[in-house]
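Asker: Pasting the sequence and the predicted coordinates here, then a few questions.
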Amino acid sequence: MQVKEFDYIVCGAGSAGCVVATRLIEQNKGTVLLLEAGGSDQDFNYKIPAGIPVVINSTWNYTTEPDARTHHREMSCAQGKVLGGSSSVNGMIYLRGQAEDYDEWADMYGCTGWDFQSILPYFKKSENNESLSGEYHGTQGHFVISDTRLKHPLTRAFIKAGQELGLPYVNDFNGQSQQGVGFYQHNIKNGERGSTSRTYLASVRQNPQLTVQLNTQVEKVLVEQGKATGIECRINGTSTVIKARKGVVLSSGSIGSAKILLLSGIGPKEHLDSLGIEVKQDLPVGKNYHDHLHTSINATIKRPISLYGEDKGLKRYKHGLQWLLFREGVVASSVLEGGAFMDSNHEGRPDVQAMFLPVLDVFDDPSGQGKNYTHGITLKMCHLRPKSRGQLYLRSKNPDDAVRIEANLLEHPDDLQGLIRATQFGLDLLQQPSLSNEIDEVFAPDHTVKRDDVVALERFVREYCKTTYHPVGTCRMGQSPQDSVVDLNLKVHGIDQLSVIDCSVFPSIPSANTNAPTVAIAEKGADVLIQRS
Ligand SMILES: Cc1cc2nc3c(=O)[nH]c(=O)nc-3n(C[C@H](O)[C@H](O)[C@H](O)COP(=O)(O)OP(=O)(O)OC[C@H]3O[C@@H](n4cnc5c(N)ncnc54)[C@H](O)[C@@H]3O)c2cc1C
C-alpha cells in the first residue's frame with residue numbers, strides 16, 4: 001500500500017488549526033493536510049449565531065472527575081468536534097484579556113517574546129474589526145469582529161445597572177482598560193458566525209496544496225530518532241499512517257493535543273510506564289490543566305420581555321425568515337450581548353467578569369432550576385485568574401478511551417474566594433435600580449443565601465459552579481523541559497519537527513474568554529513555523 005505523504009500535517013481543525021493551515025498555504029509552504037475528528041460545518045446551524053443549542057451537540061463530551069470540593073460532581077467540559085472546533089460552537093464573545101496576562105507569561109513563566117507588546121501585532125493581524133481601529137485593533141485580518149446588533153432592553157438595563165454600581169461604560173473591552181460595563185464585540189459578520197473555518201480556512205479551501213480530511217481521529221505521532229515523521233490515524237474507522245516531510249503540528253485543543261502526545265509516548269515517564277507505553281520523551285504533558293469557573297445567578301422578571309419563547313411557534317418562523325432574507329434579527333446575534341469586568345480584590349485590574357443573558361439559561365445552567373421558570377435573566381459570574389491546577393491522564397493505551405481529567409477545581413483557597421466575590425458582584429448588580437426594577441425573584445442562589453453570608457455563598461459555589469469550557473495549559477510553553485512541554489517556538493522539547501499550537505500551550509489562562517487569545521497564539525505560532533521552514 002502506498003503511504004501518503006505531505007509537507008505538513010496539522011492535527012485538529014479548530015480555532016488554532018484552521019489559522020495554522022491557512023497561513024502555511026498562504027505562504028506557499030508546500031502541501032498541507034488538515035485532519036479533523038469531527039465532521040463538516042455546512043449545516044446552517046453553524047452559520048446562525050443563535051444555533052448554539054443545536055451545535056453544542058457536536059462536541060467531545062469531556063468531563064472532569066468527581067471531586068469533594070465541588071460536591072462530587074462530574075462537570076462537562078465540552079469542546080467542539082467539528083470543522084472549526086470550538087470556534088464553531090462557542091458563544092462568539094471577542095475578548096483578549098489584559099496586557100498583564102501576557103506580561104506575566106514573559107516575567108513569571110520565562111516566555112520571552114510572548115509579552116503583550118509582542119503578541120499585540122498578532123491580535124491585530126488576525127482582526128477584521130468592523131468599527132474599531134488604531135493602536136489596539138486591526139481591520140485587514142480574516143477574523144471577523146462586529147458590534148452587537150441586538151441590544152435587548154434587559155441587556156441595556158444590565159449595562160445601566162453596572163454604571164449605577166460605579167463602573168465606567170466601556171466601548172472597547174480590548175483597548176486601554178477592561179474595567180467597566182458595556183456591550184461585547186463578537187465573531188459575527190453579516191449575521192453569520194465567524195468561526196475560523198468559515199473565515200480563515202474558507203479563504204484557502206480551493207487551494208490544491210490543501211487537503212482537509214474530516215472524520216479522522218489522530219491517534220499518535222510517529223517519532224523516529226527524536227524526530228516526528230508522521231502520524232497514525234483512523235479515517236472513518238480504518239487505521240492509516242500518513243507521513244510528514246517538514247512537520248507535524250498538534251492543534252487538537254488542550255485535551256486533544258495532550259492525549260495525542262501521551263499516546264505517542266511523550267509525557268510524564270511514570271504515567272507512561274504504568275500503562276506500558278514506550279517513553280519517547282519525559283515531559284510534563286497533561287499537568288498545569290486549568291479552566292475558568294463561573295456561577296449562574298438566575299432571576300425571574302416582572303414583564304414578559306425576555307427572549308423566552310422566541311424560538312417557538314410563529315415567532316420561530318418569523319425570526320428564521322428574517323435571518324434568511326436579511327441576516328438580521330434575534331437569531332443573528334449572540335445571546336451574550338453584554339458584560340462587565342470588575343476589580344473585586346483591589347489588585348489594580350479586574351479579577352471577575354459578568355456575562356449577561358436577557359433570558360433564563362436553561363441550557364447551560366448548573367442548578368437546573370431555570371427549567372421551571374419562564375421569563376427571566378441569567379448572570380454568569382466568572383473568576384478570571386484561577387490558581388488551582390489539575391492534571392489529565394490516559395486511562396489506557398486505547399485511543400477510544402476517554403481521558404481522566406483530575407481538574408482539582410477550587411483546590412486553591414483563593415479560587416473559592418474569587419468565585420464568592422464574583423457571585424457577590426452579580427448580586428450587587430441585581431440590586432441597582434435599572435435591574436432591580438425589572439426583577440421579580442432571584443431564585444438561584446435562593447433566598448437563604450444573603451450577599452454577605454460567605455458560608456452560604458461557599459455552599460452555593462461548591463454546589464453549582466461549573467467550568468466555562470476554557471481548559472488550557474496541558475502542553476504549556478516554557479524554557480525548560482522540567483516544567484514545560486513546548487519551547488518558546490512552540491516546538492516540543494527534544495522532538496524535532498513536532499509543534500503544539502493551540503490553547504494547551506498557555507502557561508496561564510488570560511483574564512477573558514479564550515478564543516481570541518488562541519487565534520493570536522496560532523498566528524504567532526504559524527509565523528514562527530514559517531520562518532523556521
Ligand atoms: C461551548 C463553548 C463556548 C465558548 N464560548 C466562548 C466565547 O464566547 N468566546 C471565547 O473567546 N471563547 C469561548 N470558548 C472557548 C474557545 O472557543 C476555545 O478556548 C478555543 O476555541 C480553543 O481553540 P483550540 O484551537 O485550542 O481548540 P478547538 O477549537 O477545540 O480545536 C481542537 C480541534 O481538534 C479536534 N481534535 C481533537 N482531538 C483530535 C484528534 N485526536 N484527531 C483529530 N482531531 C482532533 C477537535 O475536534 C477540534 O476541532 C467557548 C468554548 C466552548 C466549548
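Answerer: Okay, I see it. Numbers count the residues shown, from 1 in each chain.

Asker: Residue 241 belongs to a helix, doesn't it?
Answerer: No - counting by DSSP: H, G, I helix; E, B strand; the rest coil, residue 241 falls outside a helix, being strand.

Asker: how far away is it from the ligand?
Answerer: 14 Å (Cβ to the nearest ligand atom, to the nearest Å). The way it works is simple: take the backbone N, C-alpha and C, and place the C-beta from them, glycine included.

Asker: And for that residue, the neighbour number?
Answerer: A count of neighbours around residue 241, defined by other Cβ atoms under 10 Å, yields 14.

Asker: repeat for residue 441
Answerer: Residue 441 has 13 nearby residues by other Cβ under 10 Å.

Asker: what about it, is that helix, strand or coil?
Answerer: strand.

Asker: same check, this time on residue 380
Answerer: strand.

Asker: Who are the contact partners of it?
Answerer: Neighbouring residues of residue 380 by Cβ atoms under 8 Å, 6 or more residues apart in numbering: 294-296, 354-357, 361, 468.

Asker: ok, those residues vs residue 19, which is closest?
Answerer: residue 468 (21.9 Å; Cβ to Cβ).

Asker: Give me the spatial nearest neighbour of the closest one, chain neighbours excluded.
Answerer: In space, and not counting its chain neighbours, residue 468 is closest to residue 292: 4.0 Å by Cβ to Cβ, 6 or more residues apart in numbering.

Asker: For that neighbour, give its distance to residue 461.
Answerer: 14 Å (Cβ to Cβ, to the nearest Å).

Asker: mind listing the strands for the stretch 201-350 of the chain?
Answerer: 210-213, 216-224, 227-235, 238-250, 266-267, 281-282, 293-301, 338-342 (DSSP state E, counting those that start in this stretch).

Asker: Turn those strands into a markdown table, columns for mean pLDDT.
Answerer: Shown next, in a markdown table, are those (pLDDT from 0 to 100):
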| stretch | mean pLDDT |
| --- | --- |
| strand 210-213 | 98 |
| strand 216-224 | 97 |
| strand 227-235 | 96 |
| strand 238-250 | 96 |
| strand 266-267 | 98 |
| strand 281-282 | 98 |
| strand 293-301 | 95 |
| strand 338-342 | 98 |
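
Asker: can you list these in CSV and add distance to residue 157?
Answerer: Below are the strands of the stretch 201-350 of the chain laid out as CSV (distance: least, Cβ to Cβ, whole Å):
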stretch, distance to residue 157
strand 210-213, 45
strand 216-224, 46
strand 227-235, 51
strand 238-250, 45
strand 266-267, 50
strand 281-282, 55
strand 293-301, 9
strand 338-342, 10
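
Asker: what's the most buried one of those strands?
Answerer: strand 266-267 (a mean of 30; mean count of other Cβ atoms under 10 Å).

Asker: sorry, back to before: how about the residue nearest to residue 468, what does it touch?
Answerer: 382-384, 386, 467-468, 470, 509 are the contacts of residue 292 under Cβ under 8 Å, 6+ apart.

Asker: Name the nearest of those relative to the ligand.
Answerer: residue 470 (5.2 Å; Cβ to the nearest ligand atom).

Asker: The closest one: how many residues sit nearby?
Answerer: Residue 470: 27 neighbours (other Cβ under 10 Å).

Asker: who in the stretch 151-300 of the chain is up against the ligand?
Answerer: The stretch 151-300 of the chain comes close to the ligand at residues 217-218, 251-253, 256, 260, as judged by Cβ under 6 Å from any ligand atom.

Asker: OK, contacts around residue 283?
Answerer: Residue 283 neighbours (Cβ under 8 Å, 6+ apart): 261, 266-268, 481, 484-485, 492-494.

Asker: Now go through those and say which are in helices.
Answerer: residue 261 (DSSP state H).

Asker: List buried residues within the contacts of residue 283.
Answerer: Neighbour-count burial (16 or more other Cβ atoms under 10 Å) is assigned, among those, to 261, 266-268, 481, 484-485, 492-493.

Asker: how far out from the middle of the chain is stretch 336-350?
Answerer: 19 Å (Cα atoms, centre = their mean, to the nearest Å).

Asker: Any chance of the residues of the stretch 151-300 of the chain next to the ligand in JSON lines with distance to residue 405 as columns?
Answerer: Compiled in JSON lines, those are given as follows (distance: Cβ to Cβ, whole Å):
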{"residue": "217", "distance to residue 405": "19"}
{"residue": "218", "distance to residue 405": "19"}
{"residue": "251", "distance to residue 405": "19"}
{"residue": "252", "distance to residue 405": "15"}
{"residue": "253", "distance to residue 405": "13"}
{"residue": "256", "distance to residue 405": "12"}
{"residue": "260", "distance to residue 405": "15"}
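
Asker: Between residue 292 and residue 461, which contacts overlap?
Answerer: With the criterion set as Cβ under 8 Å, 6+ apart, the contacts of residue 292 and residue 461 do not overlap.

Asker: Without its sequence neighbours, what residue ends up closest to the residue of the chain found nearest the ligand?
Answerer: In the chain, the residue that lies nearest the ligand is residue 14 (1.7 Å; Cβ to the nearest ligand atom). Distances taken as Cβ to Cβ, 6+ apart place residue 85 nearest to residue 14, at 2.0 Å, with adjacent residues excluded.

Asker: Just to check, that neighbour is in contact with residue 15?
Answerer: Yes - the pair residue 85 / residue 15 is scored as a contact, 5.6 Å apart, by Cβ atoms under 8 Å.

Asker: Quick check: pLDDT value at the residue nearest to residue 468.
Answerer: In this model, residue 292 is scored at 98, pLDDT.

Asker: and if you look at residue 369?
Answerer: At residue 369, pLDDT is 66.

Asker: if we can go back for a sec, give the contact list for the residue nearest to residue 14.
Answerer: With the criterion set at Cβ under 8 Å, 6+ apart, residue 85 makes contact with 12-18, 36, 38, 79, 196-197, 253.

Asker: Go again with 10 Å.
Answerer: Residue 85 makes contacts with 12-18, 36-38, 41, 58-60, 79, 195-197, 251-253, 256, 502, 515, 518, as judged by Cβ atoms under 10 Å, 6 or more residues apart in numbering.

Asker: cool, residue 440 as well?
Answerer: Per Cβ under 10 Å, 6+ apart, neighbours of residue 440: 299-303, 373, 375-376.

Asker: rerun at 7 Å
Answerer: 300-302 (Cβ atoms under 7 Å, 6 or more residues apart in numbering).

Asker: Looking at these, which is nearest residue 393?
Answerer: Residue 393 has its nearest neighbour among the contacts of residue 440 in residue 300, at 42.6 Å by Cβ to Cβ.

Asker: My guess is the closest one contacts residue 441. True?
Answerer: Yes - counting by Cβ atoms under 7 Å, residue 300 does reach residue 441; the two are 5.0 Å apart.

Asker: Sort out which residues of stretch 314-323 are buried, please.
Answerer: 319-320, 322-323.

Asker: which residues in the stretch 51-200 of the chain form helices?
Answerer: Ranges of helices within the stretch 51-200 of the chain are 52-55, 99-109, 116-126, 153-164, based on DSSP state H, counting those that start in this stretch.

Asker: export the first one as CSV, just CAs?
Answerer: It stands for helix 52-55. In CSV, the C-alpha atoms belonging to helix 52-55 read as follows (Å, rounded to 0.1, in the frame of the first residue of the first chain):
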residue,chain,number,x,y,z
ILE,A,52,-25.7,27.3,19.8
PRO,A,53,-28.2,24.9,21.5
VAL,A,54,-28.1,22.7,18.3
VAL,A,55,-24.3,22.9,17.5
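
Asker: and it, does that touch the ligand?
Answerer: No - with Cβ under 6 Å from any ligand atom as the criterion, the ligand is not reached by helix 52-55; the gap is at least 7.2 Å.

Asker: List the buried residues in that helix.
Answerer: Under 16+ other Cβ under 10 Å, the buried positions of helix 52-55 are 52, 55.

Asker: swap in the longest one?
Answerer: Of all the residues in helix 153-164, those buried under the rule 16+ other Cβ under 10 Å are 154-155, 157-164.

Asker: Out of those, which comes closest to residue 228?
Answerer: Nearest member of the buried residues of helix 153-164 to residue 228, counting by Cβ to Cβ, is residue 155, at 47.7 Å.
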